[in-house]
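Asks: Just to be clear, the model below is a prediction. Sequence and coordinates:
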Amino acid sequence: MKYTFYRPNETNTETFDKIISDMYEVLVKISNGYAKENELKDYLENLVKDQKCLQSNAEMGFWGFDEPENMPSDARVMYFYTPTYIAIGMLLNTKLNYPETVKQIAGFDVALKKGLLASTGRGFQGHGYDYLDGLIKALNIFVLAKAHIFVELYPNYCQEFTRLLKESLQYCERLIKTNKTKGDWGEDYSIQLNCILQAAAPQDYLKLMSEKKGQKVYLFVYGTLMSTNRSNRAYLDDAEYLGKFTLNGYELYDLGSYPGIVEGNDKVKGELYAVSIDKLDDIDRYEGEGFLYTRKMVQILGEGNEKLNAYTYVYNKPVTGSMKINYENQPWYQGIAKAINNSNLLWYACYGSNINKERFMKYIEGCSDKTPPRDERPFIFDYPIYFSNNSPSWDYKGVAFLDINKKGKSFGKIYLITKEQFEEIKLQEGSNRNWYGKTVCLGSLDGIPVKTITKEERTSDVIPSTRYIVVIKKGIRDTYPEMTLPDIDAYLMKSYLNEYHVSVLKHLRSQAHGVAIRKIASDLNYNMSTVINIINDLRECGLIKQDGRSVASNIMWNDSEAIYYTVEDRREAIT
């Protein structure tokens, strides 16, 4: 059995992922009883030796790839805690199933106790919005390793771990019992939670399922399960029809042979049924729940204005390029899109300097057809922006692009223009893959497609110039007058500042007077060249300023004695 854990000298996530994958394979082998005892002994002796105690608490021992303070917070779960969870799984399962091997390994019990305590550091949870996903992944590792049996046999071995594991399993049971199995992004974890409970607490799971049997739930349908379609008879023939209802806050899209709904600013017409909870599994499979659709609890409105909570199926894929079916054209039927006339117009969605109407009109003036936009509206993107490249138009600094591979929120504006104008604007922006060569369909509005442009692939971040930021800020302020300037500053700063920029900014903000570069480096434990690079970036985007006295003393901006403070009218956004 080849030893699979080591700490690479260089940071490389692909290498980290490979090590974790190889470690997991070993854990599977050990947990299933296929490890040879002599090979297992050699493996675990190396594993015990490779444990590192936490600098701030020597009672905690980890198998992370680096010290936690050297990792971004979102990377710690995957590359600091996950290898530790797997290593602990190997050790505790060995103590359960290979007791003679344990006796031969020096320092085994100390390493296991320190590792168990270390595993409780984040409460088994993931980072931020991924807390539930992280909890499930951690519990899957521990359940595979039979940690739930270990804590029953050795409850006092590490009381903190015993308590946390039992509380986590009880929490999973509560989520299943109360149907609160969704993550913050709408992901349904019911299957994963069921699997954990089935393995770790089968009697509790059977009792829970017997309590649920025979219950009925409300189901709101809007497409192929409606009474006008054949699938209704196949899946809802024995369900009770309760009438026509409306779902607010969602948009209906035609996807060809079936429709899908996503969150939005429109309404959806449909029908309500009372369905046996036992039937939901069949309907889930028909709808492709967890893949094509996510079953979600929503509030619907009846024809008599009665409000009810019901399940419905929300589309789980992008609707880019699909036609939105407005409320007045509903309910959905196959072929509805063909009945809606397409025009020669489209909505051009802007998120960078073109959110500024004055700036955008320069592109219109460069088109063959110089007709101004027929309409313009605010538009919220479901993706974040980032700044990259070195634009000659903007002082060879970064300009905005849309990252369509990440979930997020960006403030924008849409202009109603002709398709020909859109194509010519693309050429002016630079339609090659290194600039704005990718056209993205964002759905439709009022039956008219919404499109934007961005880069083919995300590249390294580049700080934008002050002049560019000023243009974007004016555009956002004109489009979203309810937003304050500090709100706008805070939104943009999240898009172009990294954690090191933020740490220096917050440090300067917290000081009563300006601070020299030398002291910033000392206070934050950064090397001098790093601080100078950060200072240069923050100067370029107008967030900090060199103290006038140090300028008058002919101290260069990058001198270690150069003193800086935050620009007064930008301070409120620095939190």
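Replies: Great, that's in hand.

Asks: Identify the single longest strand in the protein, thanks.
Replies: strand 259-276 (DSSP state E).

Asks: and that one, average pLDDT?
Replies: The average pLDDT within strand 259-276 is 94.

Asks: What strands line up against that strand, and which way round?
Replies: Applying DSSP bridges, strand 259-276 is found paired with strand 216-221 (antiparallel), strand 240-254 (antiparallel).

Asks: Distance to G107 added to those strands, as TSV?
Replies: To be clear about C-beta, it is placed using only N, CA and C from the backbone, and glycine gets the same treatment. Formatted as TSV, those follow (distance: least, Cβ to Cβ, whole Å):
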stretch	distance to G107
strand 216-221	54
strand 240-254	58
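
Asks: so can I have CSV of the ones you listed showing mean pLDDT?
Replies: Output for the strands paired with strand 259-276, formatted as CSV (pLDDT from 0 to 100):
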stretch, mean pLDDT
strand 216-221, 91
strand 240-254, 94
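
Asks: of these, which approaches D569 most closely?
Replies: strand 240-254 (37.0 Å; Cβ to Cβ).

Asks: Now render the strands paired with strand 259-276 as CSV, adding distance to T228 and mean neighbour count.
Replies: Output for these, formatted as CSV (distance: least, Cβ to Cβ, whole Å; neighbours: other Cβ atoms under 10 Å):
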stretch, distance to T228, mean neighbour count
strand 216-221, 11, 21
strand 240-254, 12, 18
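
Asks: closest one to T120 among these?
Replies: Closest approach to T120 among the strands paired with strand 259-276 (Cβ to Cβ): strand 216-221, 36.7 Å.

Asks: now the helix or strand that comes right after that closest one: mean pLDDT?
Replies: Downstream of strand 216-221, the next assigned helix or strand under DSSP states H and E is helix 230-236. For helix 230-236, mean pLDDT rounds to 87.

Asks: buried sites along helix 230-236?
Replies: S231, N232, Y235, L236 (16 or more other Cβ atoms under 10 Å).

Asks: Pick the one among those closest to L442.
Replies: When these are compared against L442 (criterion: Cβ to Cβ), the nearest one is S231, at 29.7 Å.

Asks: That closest one touches L225, doesn't it?
Replies: Yes. Between S231 and L225 there is a contact at 5.5 Å, judged by Cβ atoms under 8 Å.

Asks: After the longest strand of the chain, which helix or strand is next?
Replies: Moving toward the C-terminus from strand 259-276, the next helix or strand (DSSP H and E) is helix 280-287.

Asks: That next one to strand 259-276, inter-axis angle?
Replies: 160 degrees (axes from the mean of the first three to the mean of the last three Cα atoms, to 10 degrees).

Asks: Give me the helices and strands touching helix 280-287, please.
Replies: strand 216-221, helix 230-236, strand 293-302 (3 or more Cβ pairs under 8 Å, 6 or more residues apart in numbering; DSSP states H and E).

Asks: Can I get these in TSV including distance to G121?
Replies: TSV is the format used below for these (distance: least, Cβ to Cβ, whole Å):
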stretch	distance to G121
strand 216-221	39
helix 230-236	46
strand 293-302	31
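
Asks: F150: which of these is closest?
Replies: That would be strand 293-302 among the helices and strands packed on helix 280-287, by Cβ to Cβ, at 34.9 Å.

Asks: List the buried residues of the following helix or strand past the closest one.
Replies: Next along the chain after strand 293-302, taking DSSP H and E as the criterion, comes strand 307-315. Using 16+ other Cβ under 10 Å as the burial criterion, the residues of strand 307-315 that qualify are A310, Y311, T312, Y313, V314, Y315.

Asks: Which residues does strand 307-315 contact?
Replies: The contact list for strand 307-315 (Cβ atoms under 8 Å, 6 or more residues apart in numbering) reads 186, 217-222, 245, 247, 250, 253, 255, 260-263, 270, 272, 280, 287, 289, 292-302.

Asks: likewise stretch 48-64?
Replies: 5-7, 47, 67-68, 71, 76, 79-81, 83-84, 86-87, 91, 105-108, 111, 114-115, 117-118, 121.

Asks: Please apply the same query to stretch 477-494.
Replies: By Cβ under 8 Å, 6+ apart, stretch 477-494 touches 355-357, 378, 411, 413, 469, 472-473, 476, 502, 543, 569-570, 572-575.

Asks: swap the cut-off to 7 Å and go again
Replies: I355, K357, P378, F411, K413, I469, I472, K473, I476, R570, E572, A573 (Cβ atoms under 7 Å, 6 or more residues apart in numbering).

Asks: Averaged pLDDT, it. What do you get?
Replies: 91.

Asks: residues of it that come out buried?
Replies: Of all the residues in stretch 477-494, those buried under the rule 16+ other Cβ under 10 Å are R477, T479, Y480, M483, D487, I488, D489, A490, Y491, L492, M493.

Asks: where's the third one relative to S410, distance?
Replies: Right, the one you point to is Y480. With distances taken as Cβ to Cβ, to the nearest Å, Y480 is found 12 Å from S410.

Asks: just the last one next, same as before
Replies: Taking Cβ to Cβ as the criterion, M493 is separated from S410 by 14 Å.

Asks: Among the contacts of stretch 477-494, which lie within helices?
Replies: Judged by DSSP state H, these include K357, I469, I472, K473, I476 as members of helices.

Asks: As TSV, the buried residues of stretch 477-494 with secondary structure would be great.
Replies: Converted to TSV, the buried residues of stretch 477-494 look like this (DSSP: H, G, I helix; E, B strand; the rest coil):
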residue	secondary structure
R477	helix
T479	helix
Y480	coil
M483	coil
D487	helix
I488	helix
D489	helix
A490	helix
Y491	helix
L492	helix
M493	helix
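
Asks: in stretch 539-555, what counts as buried?
Replies: R539, E540, C541, G542, L543, I544, K545, Q546, D547, S550, I555.

Asks: I'd guessed K146 sits against L96; true?
Replies: Yes. Assessed by Cβ atoms under 7 Å, K146 is found in contact with L96 at 5.9 Å.

Asks: which residues pair with P449 across the strands?
Replies: Assigned bridge partners for P449, using DSSP bridges, are S444.

Asks: what about the closest residue in space to P384 that isn't next to it in sequence, distance to V221?
Replies: Sequence neighbours aside, G408 is the residue nearest to P384 in space, at 3.1 Å (criterion: Cβ to Cβ, 6 or more residues apart in numbering). Using Cβ to Cβ, one gets 31 Å for the distance from G408 to V221.

Asks: Out of the buried residues of stretch 539-555, name the ones that lie in strands.
Replies: Cross-referencing these against strands under DSSP E gives I544, K545, Q546.
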